[in-house]
Each structure stands twice: as C-alpha cells, then as structure tokens.
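Novice: I'd like to go over a predicted model; first the sequence, then the structure.
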2 protein chains.
Amino acid sequence: MIDYDAILTNVGRHARLDEEEAEYFISLLKFRRLERKGLLLKEGQACKYFYYVHAGALRAYCRDGRGRESTIMFAPADWWVTDMYCFLNGRKAMMFIEALEESEVFQLSKAQLDELLERPKFERWFRMLMQNAYTREQLRAIDNLSLSVEERYESFVNKYPHIAKQVTQKQIASYLGVTPEFLSGIVAKKAGRGRGKGAN
Amino acid sequence: MIDYDAILTNVGRHARLDEEEAEYFISLLKFRRLERKGLLLKEGQACKYFYYVHAGALRAYCRDGRGRESTIMFAPADWWVTDMYCFLNGRKAMMFIEALEESEVFQLSKAQLDELLERPKFERWFRMLMQNAYTREQLRAIDNLSLSVEERYESFVNKYPHIAKQVTQKQIASYLGVTPEFLSGIVAKKAGRGRGKGAN
DNA sequence: CGTCTATTTGAATGTACTCAAAAGCGGTGG
DNA sequence: CCACCGCTTTTGAGTACATTCAAATAGACG
C-alpha cells in the first residue's frame, strides 16, 4: 500500500539495514498527508515528531514580534525536518512547518527515535544526519556573514537549484533575511546582466 | 604529567566510559600548547584535527576577498572546535583557528575519530556533539534573521557571558556581522541607558 | 616608556527597509 | 471560458540603518 522504498533508500545511505531492521524501522513510521498550506507544527505547540518528506515540499519558519517571517529551512522531497532544538529538548516549538504544496510525510516520535538510537546502526544514521545538518548550517552562517545579498542569492540558487524553482521569491527573501522588494531588485538586475543564459 | 580529568569529564557527559575505554581514548590524544595569536589552522591547509580546548580560548574565523574577518565561533576552555565541514570531508580549510591567549589543546585526527566511532559509546558521544552544535547553529541563524543588531548583541552576551568578557568588542562585532565602529555605538547607547547595573 | 591595537567619535556615503501603488499571475467559481 | 480574487512581484520615493574613512583617545603588552 504505502511506498517505503524512498525512505529506506534514504536511511540506507548511512546505514545498511537487514530485513529485520528495515521492518522494525518501518513499523515505527506513521504516514501523513497534508494539503497545500497545511501545518505540521505551530509555534507554541509541543514538537513531538521528526518528519521525513516523502512527496511535496515543506518550509520551516519563525515569526518575530512584528509578524515578519524568517525561513529557517526548506524541506523538499527526501529531506528530514523538524524544529530540532525543541524536538530534542522537549521545548515548545519556535517554528511553523508548513506544506508548500500537497505533501506526504512519515513521522517518528521522540520516544521512537530514542528507541532507534539504542541500535548502533541507527545511531550512526542519525549521527550522520546531525553532522550534515551542522556543517550545512555552518556554511550558511559563513555565507550570511561574508557575502552581499546578491552573492547570497546566487549561492542559494547554486546550492539548491531545484528548491529555487519550487518556492516563491518572497520565501527565498525570507530565507536570505531581506525584504521581498529588495530581492526583487537584485533578481531584476541579475536577469538584465545575464541575458542569453536565461530560460526560454 | 598531563591532566586528562577535564577532557574525560567532558566526554563523560555523554558516554560513561570504563577504565579501558578511558585509557584507549586518552591514548589517541596529542597534547599541544599554543602561544597567544598562534594558529592551529590556516585557510587552505588540510584540516586534519578535531581539537579540545583544555585551557585558554580559541577563535575560528574566515577571511573574505577584501580581508574582512567573520568569526564563526569562539571556543573557550572545555569546548571542541575545528573547521568541521572540511575536517569531515577532507577539504582544504576555509577557516583560521587562532589562540586568543596562551592555550592548551588536545587533538584527534580524522582517522582516530573514525576508529573511535566504531565503538557505540563514542559514536553516541560524537552524535551528541553534532546534535548540540547543529541546534546551536540553528538558534544563531534565527537570531541573525529576526533580531536587530542591538538585540543580537544582547542575546550573545546573555548566552555567553563568560566569552563576552574574554574577547574584544571587535571580535564580537565580527561574530555578529557588523563593523566594530557600529557595535561601539550600540554598546555605548546600552551602557548609557543601563547605568546602575554596570560594572564598576 | 613606547608601540601596537582597540575603541570612540563624527561626517559622508551606501545599503536595505518602509510604505504605497500598480502590474502580473494562478486559481476558482460562475 | 471568462471574470474576479488574492497573493506575489515590481517600481519608486522617502527614510533608517549600517558602513567607510579619518582622526583622536585609550588600553594592553613587551
């Protein structure tokens, strides 16, 4: 019925699972479907689950005092996402996680993850996820500290060309930490300079 | 001769080691002393080691095209530090790691870490390090995206009061991503408003 | 004590934001 | 299929935030 191939392949990238392990892993997952703009998590809620995006795309963002949104990360198909700090430490969520389009996810609770982590193979798998997430965040921090907005935009598009096509410019602006109006100007300038390479 | 208590206590926070494990761990460490302004790592070098700060304090930073420095992290005593992305992926370093004062570190090579990670207890230890590092970076990213410079400065001082006293204002400015001149103004304004609370 | 660097101050400049309004685009219902 | 609605994108004027450059002062270290 439900297709577990993608998620097993994903986990398999860091842990070679045998039959029993694969079945055990799958037995913990709960499948969930979301309509466009549906929320998996709201600020203030308990953050109970770690999500694997099976289809569609999600966005995690925070809202500050004045209602401005900051996009923390995009999670297209085959990514894992949650408000990790709050999930791991049992705090109330600081983020919203929203479906950018109709999506399907598998969820894993904290207790289930802890159970998984008792097994060395799964601990390695999760260690690799955290390690990659950390280095990715660090590279992002370097970009934010040392590049101009234009360069950050380029860097984003280069790193995540697929995401850049999937999401609105406004959402990219909120990921880069600038206003949509300002990013619009930057993109127009680049398109002007770069004629010839453009689509169509 | 060399005092391993601190580093064993540090590791012990996430992994209860028995005699054999502690000795094995210690056998992998190389002790190293650094004078003030000494460099553990330079941009472009192979990043071979993961460092534990036994005494003193380090700073990891990048330099961009125009020579501007961005501080990635401070590593006071009892912290671990390296250019993690380059260390784990065998790339040439993007960062400098410098001693802010006379310091002592233990170093662990990539091969040694990989050996350690074959043991579940050490894998858990390292997983916890990566997990904490990731969530810390993510919280920093949220601060950078949603707070004003003044608020970011406050947040930094609240999170790391000890570091804030140990490092120069210029270094804090480069951590926050602003010029030292600008931060100077902010700090003066806060001190003016906050009279009465200030240190003598 | 002298040197080197950090910090402060200020003026001029540049970068990014706010607010407002128009134009574009996609989806929905009639 | 068309017309309308809501949201995104664009454009521009005015403003606020942050940088640059320069010079004076203050602190730290040898």
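Specialist: All right, it came through fine.
Novice: tell me which parts of chain A are close to DNA strand C?
Specialist: Proximity of chain A to DNA strand C (CB under 7 Å from any atom of the strand) is limited to residues A:68, A:148-149, A:177-179, A:181-182. Any C-beta I mention is one placed from the backbone N, CA and C, and that applies to glycine too.
Novice: what's the longest helix in chain A?
Specialist: helix A:120-146 (DSSP state H).
Novice: now the angle from that helix to helix B:120-146?
Specialist: 30 degrees (axes from the mean of the first three to the mean of the last three CA atoms, to 10 degrees).
Novice: Quick check: beta-bridge partners of the nearest residue to residue A:142 once chain neighbours are set aside?
Specialist: Distances taken as CB to CB, 6 or more residues apart in numbering or on different chains place residue B:62 nearest to residue A:142, at 5.6 Å, with adjacent residues excluded. As for beta bridges, residue B:62 partners with residue B:70 under DSSP bridges.
Novice: Next up, the contacts around residue B:62.
Specialist: By CB atoms under 8 Å, 6 or more residues apart in numbering or on different chains, the residues touching residue B:62 are A:142, A:145-146, B:43, B:69-70, B:72, B:94-96.
Novice: could I get those as CSV with neighbour count and distance to residue B:134?
Specialist: Converted to CSV, the contacts of residue B:62 look like this (neighbours: other CB atoms under 10 Å in any protein chain shown; distance: CB to CB, whole Å):
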residue, neighbour count, distance to residue B:134
A:142, 19, 15
A:145, 21, 18
A:146, 21, 21
B:43, 16, 24
B:69, 18, 24
B:70, 21, 19
B:72, 25, 14
B:94, 19, 18
B:95, 28, 18
B:96, 20, 23
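Novice: Dump the residues you listed to TSV, plus pLDDT.
Specialist: Formatted as TSV, the contacts of residue B:62 follow (pLDDT from 0 to 100):
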residue	pLDDT
A:142	97
A:145	95
A:146	94
B:43	96
B:69	96
B:70	97
B:72	98
B:94	97
B:95	97
B:96	97
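Novice: Among those, which one lies nearest to DNA strand C?
Specialist: Nearest to DNA strand C among the contacts of residue B:62: residue B:69, at 9.9 Å, using CB to the nearest atom of the strand.
Novice: wait, doesn't that closest one sit right on residue B:174?
Specialist: Yes - contact status for residue B:69 versus residue B:174: in contact at 5.1 Å, counting by CB atoms under 8 Å.
Novice: intersection of neighbour lists for those two?
Specialist: By the contact definition CB under 8 Å, 6+ apart, residue B:69 and residue B:174 are jointly contacted by residue B:61.
Novice: For my notes, confirm residue A:60 occurs in a strand.
Specialist: Yes - under DSSP: H, G, I helix; E, B strand; the rest coil, residue A:60 sits within a strand.
Novice: From the structure, what's the count of residues near it?
Specialist: Other residues lying near residue A:60 total 24 when counted by other CB atoms under 10 Å in any protein chain shown.
Novice: before we move on, what about residue A:151?
Specialist: 13.
Novice: Tell me who's in contact with the nearest residue to it once chain neighbours are set aside.
Specialist: Closest residue in space to residue A:151, ignoring its immediate chain neighbours: residue A:143 at 7.7 Å, by CB to CB, 6+ apart. Residues in contact with residue A:143 (CB under 8 Å, 6+ apart) are A:151-152, A:155.
Novice: Closest one to residue A:187 out of those, please.
Specialist: residue A:152 (12.4 Å; CB to CB).
Novice: Fine by me, we can end here.
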